[in-house]
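> give me coordinates for this.
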Amino acid sequence: MDFRQLETFVSVVKLKSFSKAAETLYITQPTVSNHISSLEKELNTILVNRTNKNLTLTNAGTLLYKHALDIINKRDNALFSLNQFKGKIEGILEISSSTIPEQYFLPELLISFNRIYPDVQYCLNKFDTNQVIDNILSGKIDFGIVGAKKQSKQLKYIEIMDDTIILAAPVEGVYKNISSISLDKLLDFPIILREEGSGTRNMVERSLGKCNISIEDLNVVAYIENTETIKQCVKKGLGVTFISEKAIVSEVKNNTIKTIVIEDVEFKRKFYFVYHKNRGLSPLAETFKKFVSSDQKPTY
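Take a look at the predicted model:
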């Protein structure tokens, strides 16, 4: 058993494909197959079910995968410590994030981190909050940045930033002279919502639920995933929307979108760095975790 075989095995599991693992590792697909077969021969067990249309692990494969992640991370920690001793920290930092942090929090954060570690490269992946968390639990990714918690004994959350969700509306038309509304009045407004699984939507559902209002009670005219598309729809008068105040700073400043206060209810949340508490982070990811939870990160 060597590191190349374990890295190939981990890549196959994460990508659920021999061919995609070959592309990612810059090796041929037969080489990937040989690495997996060599592992199985050495361990005298089957690791991967090859008969199913979708690649799955055997029980032995699931067990090895957990240890393989730890072995590779320990190897990387050793190399990282040596590079740190030599005064150089480098590598590719893969960051998975939900929409609002990815668009309005990460850019400035990465600039600050890059000033300290200029040799680090970044790979950003955007998912909704539920997808980020599910990918961490399944071992596809090491950590993520999300706008809502999903309770699990396997996860650890670190608070990194506060956020407020506001009601955004067109500046003209029937909304022109409205600065605040009651919850009852909200039910009459055409509303644009984020997709299911979004941290913003989850938070809005919880807050309204405390006031005995469900999504079904709202006059929803559209479910849209993309934040920029939502903002354009609001500007054109399709409806109002719940959105992070960080996402419409320039629009409010330029008077192309306005905010409306909903009386007797507050939509506040936190953003979190989330990771699997029973699985070690790579050394670079651990360095990033310490950075985002320290006073070194930018304030918002």
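> could you pull out the strands for the chain?
For the chain, strands defined by DSSP state E occupy the ranges 48-49, 56-57, 90-97, 119-126, 143-146, 155-169, 180-181, 190-193, 219-223, 240-244, 258-262, 268-276.
> need those in a markdown table (columns: distance to Q29 and mean pLDDT).
All C-beta atoms are positioned from the backbone trio N, CA, C, and that covers glycine. What follows is the strands of the chain, written out as a markdown table (distance: least, C-beta to C-beta, whole Å; pLDDT from 0 to 100):
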| stretch | distance to Q29 | mean pLDDT |
| --- | --- | --- |
| strand 48-49 | 14 | 87 |
| strand 56-57 | 19 | 86 |
| strand 90-97 | 23 | 88 |
| strand 119-126 | 23 | 90 |
| strand 143-146 | 30 | 93 |
| strand 155-169 | 34 | 92 |
| strand 180-181 | 59 | 93 |
| strand 190-193 | 43 | 96 |
| strand 219-223 | 39 | 95 |
| strand 240-244 | 43 | 95 |
| strand 258-262 | 54 | 94 |
| strand 268-276 | 29 | 91 |
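> for Y104, which of those strands is the nearest?
Closest approach to Y104 among the strands of the chain (C-beta to C-beta): strand 240-244, 6.9 Å.
> tell me the strands beside the closest one, with direction?
If you go by DSSP bridges, strand 240-244 pairs up with strand 155-169 (antiparallel), strand 190-193 (parallel).
> report the angle between the axes of that strand and strand 268-276?
50 degrees (axes from the mean of the first three to the mean of the last three C-alpha atoms, to 10 degrees).
> could you dump the strands paired with strand 240-244 into TSV and include distance to H67 and mean neighbour count?
Below are these laid out as TSV (distance: least, C-beta to C-beta, whole Å; neighbours: other C-beta atoms under 10 Å):
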stretch	distance to H67	mean neighbour count
strand 155-169	20	18
strand 190-193	43	19
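> can those strands go into JSON lines with extra columns for distance to I260?
Shown next, in JSON lines, are the strands paired with strand 240-244 (distance: least, C-beta to C-beta, whole Å):
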{"stretch": "strand 155-169", "distance to I260": "5"}
{"stretch": "strand 190-193", "distance to I260": "12"}
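> now for those strands, which one comes closest to L284?
With respect to L284, and counting by C-beta to C-beta, the nearest of the strands paired with strand 240-244 is strand 155-169 at 16.7 Å.
> run the chain-centre distance for the closest one.
Mean-position distance between strand 155-169 and its chain equals 13 Å (C-alpha atoms, centre = their mean, to the nearest Å).
> and if you look at stretch 42-49?
With C-alpha atoms, centre = their mean, you get 33 Å for stretch 42-49.
> repeat for stretch 130-150
Worked out by C-alpha atoms, centre = their mean, stretch 130-150 lies 6 Å from the chain centre.
> endpoints of that stretch, how far apart?
Terminal residues of stretch 130-150 lie 8 Å apart, using C-alpha to C-alpha, to the nearest Å.
> which positions within that stretch qualify as buried?
Within stretch 130-150, the residues that count as buried by 16 or more other C-beta atoms under 10 Å are 130-133, 135-136, 139-150.
> now C123. Nearest residue, chain neighbours left out?
Computed as C-beta to C-beta, 6 or more residues apart in numbering, the closest residue to C123 that is not its neighbour in sequence is E94, at 4.6 Å.
> again, but for K14
K14 sits nearest to K140 (C-beta to C-beta, 6+ apart), 5.0 Å away.
> and the gap between I36 and V13?
Separation of I36 from V13 (C-beta to C-beta, to the nearest Å): 10 Å.
> so these two - more neighbours on which side?
Using other C-beta atoms under 10 Å as the criterion, I36 and V13 rank with V13 on top: 24 against 21.
> what's near enough to touch that one?
L57, G61, Y65, G139 (C-beta atoms under 8 Å, 6 or more residues apart in numbering).
> okay, the residue lying closest to E7 once chain neighbours are set aside: pLDDT?
Of all residues beyond its chain neighbours, the one nearest E7 is I72 (6.3 Å), with distances taken as C-beta to C-beta, 6+ apart. At I72, the model reports a pLDDT of 83.
> one more: the one 10 residues further on?
Residue-level confidence at L82 comes out at 66, pLDDT.
> then the one 3 residues further on?
What the model reports for F85 is a pLDDT of 49.
> before we move on, what about N59?
pLDDT, read off for N59, is 89.
> run a quick neighbour tally on it.
As a measure of burial, N59 has 10 neighbours, counting by other C-beta under 10 Å.
> next: the one 3 residues further on.
One way to gauge burial is a neighbour count; for T62, by other C-beta under 10 Å, it gives 13.
> ok, it to V48 distance?
Taken as C-beta to C-beta, the span from T62 to V48 is 11 Å.
> that older thread, in CSV, list the strands of the chain along with distance to V32.
Output for these, formatted as CSV (distance: least, C-beta to C-beta, whole Å):
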stretch, distance to V32
strand 48-49, 11
strand 56-57, 15
strand 90-97, 20
strand 119-126, 21
strand 143-146, 26
strand 155-169, 31
strand 180-181, 58
strand 190-193, 42
strand 219-223, 39
strand 240-244, 42
strand 258-262, 53
strand 268-276, 25
